[in-house]
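Below: sequence and its predicted model.
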Amino acid sequence: MFDPREKIALFIDGANLYATSRALGFDIDYRRLLSSFQKRGYLLRAYYYTALVEDQEYSSIRPLIDWLDYNGFKVVTKPAKEFTDSTGRRKIKGNMDIELTVDALELADVVDHYVIFSGDGDFRTLVEALQRRGRKVSIVSTMASQPPMISDDLRRQADHFIDLMTLKSDVGRDPSERSVRRPEPAEVDEDEY
């Protein structure tokens, strides 16, 4: 699936990966994730996308963002939108699909193999566009949760589907090992898969 001569780029939909790993009962160790993909080819870039609630005094995701930024990830953020739904519940909306798509397309001339960490069906069109440019695309999500965290259309479009559960021993850690300095991102309400 991976050729050691390939230039690889990781595109991580932060909220989606967080929800997927939580559904599988483990946390992502981002240092191990980077190391795991550095062994599979030439890791050109690793992007991490997330929306941030700007007006909070303390954001639980800020330490993770800072750590990623200093440890080999290109972090892409934007302010999340906060609103109250029809039932009166406070919701946060922060969709990073466009930012991820634009960055991926801009690198189409230099990346051989894209690894997209998301099960969001909106990325099917991106995968198809990259494939038309002769690029290989692997999608990392899961079928092991109920319901599955990946859209069927996205899984079928990808060149390779990697179930996150199969990467657990390489990139995971038990939630009880969670470091106080590197908390996981807060869930952001996004479109359905």
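Ah, there it is.

Mind giving me the packing neighbours of the helix or strand hosting T125?
T125 is part of helix 124-132, with elements assigned from DSSP states H and E. Other helices and strands packing on helix 124-132, by 3 or more CB pairs under 8 Å, 6 or more residues apart in numbering; DSSP states H and E, are helix 97-106, strand 113-117, strand 136-141, helix 152-157. All C-beta atoms are positioned from the backbone trio N, CA, C, and that covers glycine.

Now tell me what touches it from outside.
100-101, 104-105, 108, 114, 116, 137, 139, 151, 153-154, 157-159 (CB atoms under 8 Å, 6 or more residues apart in numbering).

can you pick the most crowded of these?
When neighbours are counted by other CB atoms under 10 Å, I116 leads these with 27 neighbours.

Distance check, the closest residue to that residue other than its chain neighbours against R90.
Using CB to CB, 6 or more residues apart in numbering and skipping residues adjacent in sequence, the residue nearest I116 is F11, 4.8 Å away. Distance, F11 to R90, by CB to CB, to the nearest Å: 29 Å.

now do A23
When distance is defined by CB to CB, A23 is 23 Å away from R90.

In terms of neighbours, single out the busier of the two.
Counting neighbours by other CB under 10 Å for A23 and for R90 shows that A23 has the greater number, 18 against 8.

Report the angle between the helix or strand harbouring that one and helix 97-106.
For A23, the host element (DSSP H and E) is helix 14-24. Using axes from the mean of the first three to the mean of the last three CA atoms, to 10 degrees, the inter-axis angle of helix 14-24 relative to helix 97-106 is 110 degrees.

contact partners of helix 14-24?
27-28, 48-51, 61, 94, 96, 117-120, 140-142, 144-145, 149, 164-165, 168, 172, 184-185, 187-188, 190.

Next: stretch 30-37.
With CB under 8 Å, 6+ apart as the test, stretch 30-37 has contacts from 8, 10, 43, 46, 48, 64, 67-68, 71-73, 115, 167, 170-173, 182.

Quick one: buried ones out of these?
For these, a burial check counting by 16 or more other CB atoms under 10 Å picks out 8, 10, 43, 46, 48, 64, 67-68, 73, 115, 167, 171-173, 182.

Counting only strands, which of these make the cut?
Per DSSP state E, strands hold the following members of those: 8, 10, 43, 46, 48, 115, 172-173.
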